[in-house]
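# My questions concern the predicted model and sequence given below.
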Amino acid sequence: MDTKPAQRMFYLDWLRVFTVFAIFSLHHATRFFDTDDWFIKNATTYLSVQVWLEFCTSWGMPLILIISGASAFLALDKYRPGKYITGLFLRLFIPLIVGIFTHVALHIYLENLHTGKFSGSFFEFYPHYFEGMYGFGGNFAWMGSHLWYLELLFILSLLFLPIFIWFKRTSVGRRVLQGMGDLLANPAAVLLLSLPTILLILNLDEAGPGNTSLGGWSVVIYPLFYIAGFVIISNERLQKSIVRMRWIHLGMGVIFSAVYLFGEFQTIYPTDHFLLANRLVKALDCFVVWSWLLTVMGFGMAHLNVNTPFLKYATEAALPFYILHQTVVVTLGYFVVQWAIPDLLKYMIILTVSFFVIMGLYEFGVQRFNLMRFLFGMKLLAKPVGLQSKETQFKEVARTM
């Protein structure tokens, strides 16, 4: 069996940092300018931005789920189930609840201001925040807005914990996990991974479980990416295959993406009116996502398995950055989109100023204070050595009394 990695896999940390920054810079900072609905919209929107976002959406959140599944494998090597569950509660559930009742409400308030549904201060709006469910005609963001990922990951982590423990701690489970990894280690990995995704996406009701409003994929499909991350990190042979095939997967990703985007946005045979065209485009999206996921994982394994002081800092900052980023982006964008300046300049201002505001909030408002670290899912800072020594001395004196 080769289900235990020999060393810490730093490339996972690099990919996590990269993905969080990409979600901020390439996705949410551009949402003011695409053609879909969002909290705040620029007066002019662009089809080209929509095409770009469609491409990013294909692999963005699935990559986060892949990394999360891999992290679950590594965490279960270090922690017993009880401590693992406690860690999930502290790292995911608490920031979710805090966000829902605090800064996420600001998104909804600004949207109501922007659309003219409300006028007044945030504190005047806050009681109205609890009127109805957001997405169903109301205001309460029960999914946490962009924090829905924390909610989904918390549920998936608990749901699959018994299966993951069975994989790791029973002889039959280890053989099954090994067999899954070995099967995916052949050159047809993209096809094998795409098939269950295609079966689901073609058969799920878009008005129900097949709804793709959360990150571009159905919540029923997201577990496939999460499990795949667990399997990939468990099998050294599979990892070597992904590294070896990375250039081929890159070529496949480029080709599949070009065909998919053409099929999605061409107007000769609108996919909304032709069932076959719609199903083909959906199937292509499955090949797109797995091609890019294996590409990114392959290049990450090959070139990013190195540790640096910056990585340590960025890894710790990634979760608070993710939690804060959309609130800052939406708040700043609410004002910037109203300015009479070129739209590209609006984007650059939103991107640049938001980044520095987020990092300032993290550096001076979150990182240095244990209460804020707790609320943002971070490990608490150790007590100063001097304070620890005084406590130790006090305990020693107390024992002699």
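Nice, I can see it. Numbers count the residues shown, from 1 in each chain.

# got any ranges where the protein has weak pLDDT?
Applying pLDDT under 70 to the predicted model, the residue ranges of the chain that meet it are 1-8, 269-275, 384-401.

# mind redoing it with 50?
Along the chain, the parts satisfying pLDDT under 50 run over 1-6, 387, 390-401.

# Kindly list the longest helix within it.
When every helix of the chain is counted residue by residue (DSSP state H), the longest turns out to be helix 47-78.

# could you point out which element follows it?
helix 81-88 (DSSP states H and E).

# Can you give me the buried ones in that next one?
Within helix 81-88, the residues that count as buried by 16 or more other Cβ atoms under 10 Å are Tyr84, Gly87, Leu88. For the C-beta atoms, the positions are set from N, CA and C on the backbone; glycine is no exception.

# that older thread, the longest helix of the chain - contacts with which helices or strands?
helix 10-22, helix 81-88, helix 148-169, helix 222-234, helix 246-265, helix 275-303 (3 or more Cβ pairs under 8 Å, 6 or more residues apart in numbering; DSSP states H and E).

# May I see the buried residues of the last one?
The reference is to helix 275-303. For helix 275-303, the buried set under the neighbour-count rule, 16+ other Cβ under 10 Å, comprises 277-278, 280-301.

# now the helix or strand containing Arg175 against helix 47-78, angle please.
Of the helices and strands defined by DSSP H and E, Arg175 is found in helix 171-184. For helix 171-184 against helix 47-78, the angle between stretch directions is 150 degrees (axes from the mean of the first three to the mean of the last three Cα atoms, to 10 degrees).

# Was I right to think Cys286 contacts Ser194?
Yes. The pair Cys286 / Ser194 is scored as a contact, 4.4 Å apart, by Cβ atoms under 8 Å.

# quick one on the thing from earlier: mind putting the helices and strands packed on helix 47-78 in CSV, distance to Cys56 included?
Output for the helices and strands packed on helix 47-78, formatted as CSV (distance: least, Cβ to Cβ, whole Å):
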stretch, distance to Cys56
helix 10-22, 7
helix 81-88, 28
helix 148-169, 15
helix 222-234, 15
helix 246-265, 11
helix 275-303, 10
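
# right, and these - which one's nearest Ile66?
Using Cβ to Cβ as the measure, helix 222-234 is the one of the helices and strands packed on helix 47-78 that comes nearest Ile66, at 4.0 Å.

# Output the closest one as CSV, restricted to C-alpha atoms.
Output in CSV follows, covering the C-alpha atoms of helix 222-234 (Å, rounded to 0.1, in the frame of the first residue of the first chain):
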residue,chain,number,x,y,z
TYR,A,222,-19.5,18.7,-5.6
PRO,A,223,-18.9,15.5,-3.5
LEU,A,224,-17.3,13.9,-6.6
PHE,A,225,-14.5,16.5,-6.5
TYR,A,226,-14.2,16.1,-2.7
ILE,A,227,-13.8,12.3,-2.9
ALA,A,228,-11.4,12.6,-5.9
GLY,A,229,-9.1,14.8,-3.8
PHE,A,230,-9.0,12.1,-1.1
VAL,A,231,-8.3,9.4,-3.6
ILE,A,232,-5.6,11.3,-5.4
ILE,A,233,-3.6,12.1,-2.3
SER,A,234,-3.8,8.5,-1.1
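
# what comes up buried for the next helix or strand after it?
Read in the C-terminal direction, the helix or strand following helix 222-234 is helix 236-244, with elements assigned using DSSP H and E. Of the residues in helix 236-244, those scored as buried under the neighbour-count criterion (16+ other Cβ under 10 Å) are Glu236, Leu238, Gln239, Ser241, Ile242, Val243.

# Do a quick rundown of the helices in the stretch 301-401 of the chain.
309-336, 343-361, 370-375, 385-400 (DSSP state H, counting those that start in this stretch).

# Just name the most buried of those helices.
helix 309-336 (a mean of 20; mean count of other Cβ atoms under 10 Å).

# From the chain's centroid, how far away is that helix?
For helix 309-336, the distance from its own C-alpha centre to the chain's C-alpha centre is 13 Å (Cα atoms, centre = their mean, to the nearest Å).

# what do you get for stretch 36-54?
Taking the mean of its C-alpha atoms, stretch 36-54 sits 20 Å from the chain's own mean (Cα atoms, centre = their mean).

# contacting residues around it?
Stretch 36-54 is contacted from outside by 26-27, 30-35, 107-108, 110-111, 114, 261, 264-265, 330, 333-334, 337, 343, 346, using Cβ atoms under 8 Å, 6 or more residues apart in numbering.

# If we use 7 Å, what do you get?
Contacts made with stretch 36-54 from outside it, assessed by Cβ atoms under 7 Å, 6 or more residues apart in numbering, are listed as 27, 30-35, 107, 110-111, 114, 261, 264-265, 330, 333-334, 337, 343, 346.

# circling back to that earlier point, looking at the helices and strands packed on helix 47-78, which is nearest to Gly365?
With distances scored as Cβ to Cβ, the stretch of the helices and strands packed on helix 47-78 nearest to Gly365 is helix 10-22 (18.2 Å).

# on contacts alone, who are the packing partners of the closest one?
Counting by 3 or more Cβ pairs under 7 Å, 6 or more residues apart in numbering; DSSP states H and E, the packing neighbours recorded for helix 10-22 are helix 47-78, helix 275-303, helix 309-336.

# Now do it against helix 222-234, angle only.
With the same axes, to 10 degrees as the basis, helix 10-22 and helix 222-234 are set at 150 degrees to each other.

# Please list all residues in contact with the closest residue to Phe154 other than its chain neighbours.
Residue nearest to Phe154 in three dimensions, not counting chain neighbours: Leu92, with 4.3 Å by Cβ to Cβ, 6 or more residues apart in numbering. Applying Cβ under 7 Å, 6+ apart, one finds that Leu92 lies in contact with Leu150, Leu153, Phe154, Gly377.

# now with 8 Å?
Counting by Cβ under 8 Å, 6+ apart, Leu92 makes contact with Leu150, Glu151, Leu153, Phe154, Ser157, Gly377.
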